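> this is a predicted model, with the sequence first.
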Amino acid sequence: MGQITATLGKTIKEFLRQKTILFWTIAWPILWVLIGSFSFTENAPSEVVSYIKGSIAISMSVFALMTAGIANLPGNIAQDRERGLLSKLMSMPINPWRDFVGRILALLAFSSLAAILVTLVGYICGARFSYTLTGLWQSIAFLLLVSLASAGIGMFIGTFVKHVHGAIMSGVGIAVVTAALSGVMAPYSSLPLLLQQFARIYPISSANSSITYLLAGEDYAGYNPLSVSQTSLTIVISLSLFIAGLIAYSRFCWRKE
Amino acid sequence: MDAIYAENLTKKYGDNEVLKEVNLKIAEGEFYALMGPNGSGKTTLASIIASVRPPSSGKVEIYGKKPEKAKDLIGYVPQENFSSPILAGKENLMYFAGLLGYSKNRAEEIVNELLNKIGLSEDANKRVSNYSGGMRKRLEVATVLFPGIKILILDEPTTGLDPSARRKFLGLIEELRKEETTILLITHIGADAELASRVGLIDKGEIIAENEPERLKKASGLKNVINIETTIKSEKVANVLSSFSEGQKVLETDVGYRIYCKDIEKATPRIVRSLDAIGCKATRIETEKPSLEDVFFKLTEKMVREVS
């Protein structure tokens, strides 16, 4: 067993055993898939219902990844700090980078589980997707970008919000508000112009639109998010958020004055 | 070579000097207790030795190496309960074994031995949230008992434990002492510090006295202590009692007062009469030998522990 495996195992067990985490990351998006699939499609033409349900399932899977990165990860970091585990780890011959990799791998594994469950419930509710193999791989790459951007924001929160409840509530708040404002939880076309611009800059939203575009079609994305400039922006901002969060975490979480 | 060596160790936070040129030498296999009240700098000192935080100036060495180069020799148990409450006791220890790089089979073997040693074998698969305070502390101490760790730094491990859990925990420390592990115990409880081979008293970031427990008591010049339970506690009562105490020092306790007296037999009836005269009854009077907490009080006029 190495440090990475040990941290991965511990973190994933903690994610899977906390009811609040399971609720916000898995139950809450599933609830919205159920509500969305049966309430928002009543007046839609029958030939598009399954794709609307598909786009709802995609958005809720993205929301699950957002919650995991923006709320669960900082909650986990703050919890370890609050109960003195970070002090304990600092006294041990271990590498902070390995701790970090273990946490991120746990986050990705848990996020994947959440996304699969949410998509599965969507499928059971009638969601259908139209995709090519390349489109599927591209979608997985965009899901990875969502996770990395969310983890970046989460590491910022976990580093600077010192208490567990503060970190979790800040994370949930940021995830819910930004998801609502950027079109993850509402159709892009229904957003006012200013928020449409935000949706294109906010990498989680633009990645969500990209996945919707790839798996459900342009009509459901609201615009073409796969242009070179838009895709580059999504990649650059996602990676920048992740790297910035990582720097904050390694510099400030693992240092005591 | 000293297991722990600190020279002119200073720690400042802005203008606040938490440690003031502290010098400390702890020999290999020694059980050293550092006793002081909250805010005296003892936790800061422990965390610097454990390489959790850097000093502002001065030098620390662990077996002649800088603390950050000797992390594999140090086992640090911070004040907080750092074990994960939603993992089982064994899962917590397996996590630490993994961090230390043991293979799964070897980790399993060592963890089972450790659980046996700390008396938690039967509760190994219970979640830590179901453990008592004492069980949790013993589990956390087990994280520093992996092979190769030569120095244990235990920061207030008995705080918050009930008397029975505390005794059991101290029993474990006594066992570890027999294995000739170097122990640095941070505490504000005199009775815990008495177990150590040497005690340092720390106040306002300075080690004000250091010696074997009995020598510290002898050097303080304190002969006897009288515990007086009173029907009321007030400044007036304290003033009356101060006239019977050496150096007029009166320590307030949970149920009354504690004074220092050379001639108990003469003083006791006079104390009762004087209290009566101001309308206060002494409901119980007990005498005992001075403790390390009394020595600390004599030196600083401060109590190590807060009175509830």
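Yep, it's here. This structure is a prediction, so every number in the text was calculated from the model and none was measured.

> pLDDT averaged over stretch A:196-204, what's the number?
Average pLDDT, stretch A:196-204: 95.

> now do it: distance to the chain's middle.
Distance, stretch centre to chain centre, for stretch A:196-204: 15 Å (CA atoms, centre = their mean, to the nearest Å).

> list the buried residues for stretch B:288-295?
Judged by neighbour count (16 or more other CB atoms under 10 Å in any protein chain shown), stretch B:288-295 contains these buried residues: B:290, B:291, B:292, B:293, B:294, B:295. Every C-beta, even on glycine, is put in place using the N, C-alpha and C of the backbone.

> and if you look at stretch B:90-100?
B:90, B:91, B:92, B:93, B:94, B:95, B:96, B:97, B:98, B:99, B:100.

> how many other residues sit next to the one residue in the stretch 101-250 of chain B that gets nearest to chain A?
Residue nearest to chain A within the stretch 101-250 of chain B (CB to the nearest CB): residue B:104, separated by 5.4 Å. Residue neighbour count, defined by other CB atoms under 10 Å in any protein chain shown, stands at 12 for residue B:104.

> also the one 4 residues further on?
The local packing count at residue B:108 equals 16, with neighbours defined by other CB under 10 Å.

> same check, this time on residue B:109
13.

> tell me the SS of it?
What DSSP: H, G, I helix; E, B strand; the rest coil gives for residue B:109 is helix.

> retrieve the pLDDT associated with it.
96.

> distance of it from residue B:89?
According to CB to CB, to the nearest Å, residue B:109 stands 16 Å off from residue B:89.

> can you pull out the helices in the chain?
Using chain A. According to DSSP state H, chain A carries its helices in the segments A:3-17, A:19-22, A:28-39, A:46-67, A:73-82, A:85-90, A:96-124, A:133-160, A:164-182, A:193-201, A:203-215, A:218-221, A:228-248.

> my question was about chain B, not that one.
B:42-49, B:89-99, B:104-117, B:133-142, B:163-178, B:190-193, B:213-220, B:235-242, B:264-277, B:292-300.

> tell me the contacts of the residue minimising distance to the centre of chain B?
Centroid check for chain B by CA atoms, centre = their mean gives residue B:187 as the closest residue, at 1.5 Å. By CB atoms under 8 Å, 6 or more residues apart in numbering or on different chains, the residues touching residue B:187 are B:33, B:34, B:35, B:156, B:157, B:158, B:193.

> same for chain A: which of the buried residues of stretch B:90-100 are within range?
Among these, the residues that sit close to chain A (CB under 8 Å from any CB of the partner chain) are B:91, B:94, B:95, B:96, B:97, B:98, B:99, B:100.

> any idea which of these is closest to chain A?
residue B:98 (2.6 Å).

> so the closest one sits against residue A:2, correct?
Yes. If you go by CB atoms under 8 Å, residue B:98 and residue A:2 touch, sitting 6.9 Å apart.

> do you know how far residue A:57 is from residue A:14?
Residue A:57 is 27 Å from residue A:14, by CB to CB.

> just residue A:41 next, same as before
Counting by CB to CB, the gap from residue A:41 to residue A:14 is 37 Å.

> my guess is residue A:66 contacts residue A:148, does it?
No. Using CB under 8 Å, residue A:66 is not in contact with residue A:148; the gap is 11.6 Å.

> list the contacts for residue B:74?
Shown in contact with residue B:74 (CB under 8 Å, 6+ apart): A:91, B:49, B:50, B:51, B:62, B:67, B:149, B:150, B:151, B:153.

> residue contacts, residue 209?
Assuming you mean chain A. A:183, A:188, A:199, A:221, A:222, A:223, A:225.

> you answered for a different chain; I wanted chain B.
Counting by CB under 8 Å, 6+ apart, residue B:209 has contacts B:200, B:201, B:216, B:219, B:295, B:299.

> also residue B:173?
With CB under 8 Å, 6+ apart, residue B:173 has these contacts: B:31, B:154, B:157, B:183, B:185, B:195.

> return the member of the residues you listed nearest to residue B:205.
residue B:185 (18.8 Å; CB to CB).

> enumerate the residues of the stretch 101-250 of chain B near chain A.
So the stretch 101-250 of chain B meets chain A at B:101, B:102, B:103, B:104, B:107, B:143, B:153 (CB under 8 Å from any CB).

> point me to the residue of chain A nearest chain B.
Taking CB to the nearest CB, chain A has residue A:6 as its residue nearest chain B, at 2.6 Å.

> now that residue, nearest residue through space, not along the chain?
residue B:98 (2.6 Å; CB to CB, 6 or more residues apart in numbering or on different chains).

> mind checking how far that neighbour is from residue A:102?
With CB to CB as the criterion, residue B:98 and residue A:102 are 9 Å apart.

> re the thing from before, the helices of chain A: which one's closest to residue B:10?
Checking the helices of chain A against residue B:10 by CB to CB gives helix A:85-90 as the closest, at 20.5 Å.

> for that closest one, which outside residues touch it?
Contacts of helix A:85-90 (CB under 8 Å, 6+ apart): A:80, A:99, A:253-254, A:256, B:47, B:50-52, B:76-78, B:80, B:82, B:84, B:99, B:143.

> show me the contacts for residue 78.
The chain I'm using is chain A. A:158, A:161, A:162, A:163, A:164, A:166, A:167, A:168.

> hm, I was asking about chain B
The neighbourhood of residue B:78, defined by CB under 8 Å, 6+ apart, consists of A:84, A:87, A:88, B:47, B:52, B:155.

> out of those, which are buried?
In these, burial by neighbour count holds for A:84, A:87, A:88, B:47, B:52, B:155, counting by 16+ other CB under 10 Å.

> contact residues of chain A facing chain B?
A:1-3, A:5-7, A:9-10, A:13-14, A:17-18, A:82-85, A:87-94, A:256-257.

> would JSON lines of the contacts of residue B:78 with pLDDT be doable?
Shown next, in JSON lines, are the contacts of residue B:78 (pLDDT from 0 to 100):
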{"residue": "A:84", "pLDDT": "90"}
{"residue": "A:87", "pLDDT": "91"}
{"residue": "A:88", "pLDDT": "94"}
{"residue": "B:47", "pLDDT": "95"}
{"residue": "B:52", "pLDDT": "93"}
{"residue": "B:155", "pLDDT": "95"}
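
> now, among the buried residues of stretch B:288-295, which is nearest to residue A:203?
Of the buried residues of stretch B:288-295, the one sitting nearest to residue A:203 (CB to CB) turns out to be residue B:293, at 59.3 Å.

> my guess is that closest one meets residue B:199, correct?
No. With contact defined as CB under 8 Å, residue B:293 does not count as touching residue B:199 (11.2 Å).

> still on that earlier bit, go ahead and build a PyMOL selection from the buried members of the contacts of residue A:78.
To isolate the buried ones among the contacts of residue A:78 in PyMOL, judged by 16+ other CB under 10 Å, type:
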select buried, chain A and resi 158+161+164+166+167+168
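
> max pairwise distance over the contacts of residue A:78: which two?
The span of these, defined through CB to CB, is set by A:162 and A:168 at 12.4 Å.

> what sits against residue 170?
In the absence of a named chain, chain A is used. Residue A:170 touches A:74, A:157, A:161, counting by CB under 8 Å, 6+ apart.

> hmm, no, I was thinking of chain B.
With contact set as CB under 8 Å, 6+ apart, residue B:170 has these partners: B:158, B:192, B:195.

> run a quick neighbour tally on the closest residue to the first one other than its chain neighbours.
Right, the one you point to is residue B:158. Nearest residue to residue B:158, sequence neighbours excluded (CB to CB, 6+ apart): residue B:166, at 4.7 Å. By the measure other CB under 10 Å, the count of residues near residue B:166 is 20.
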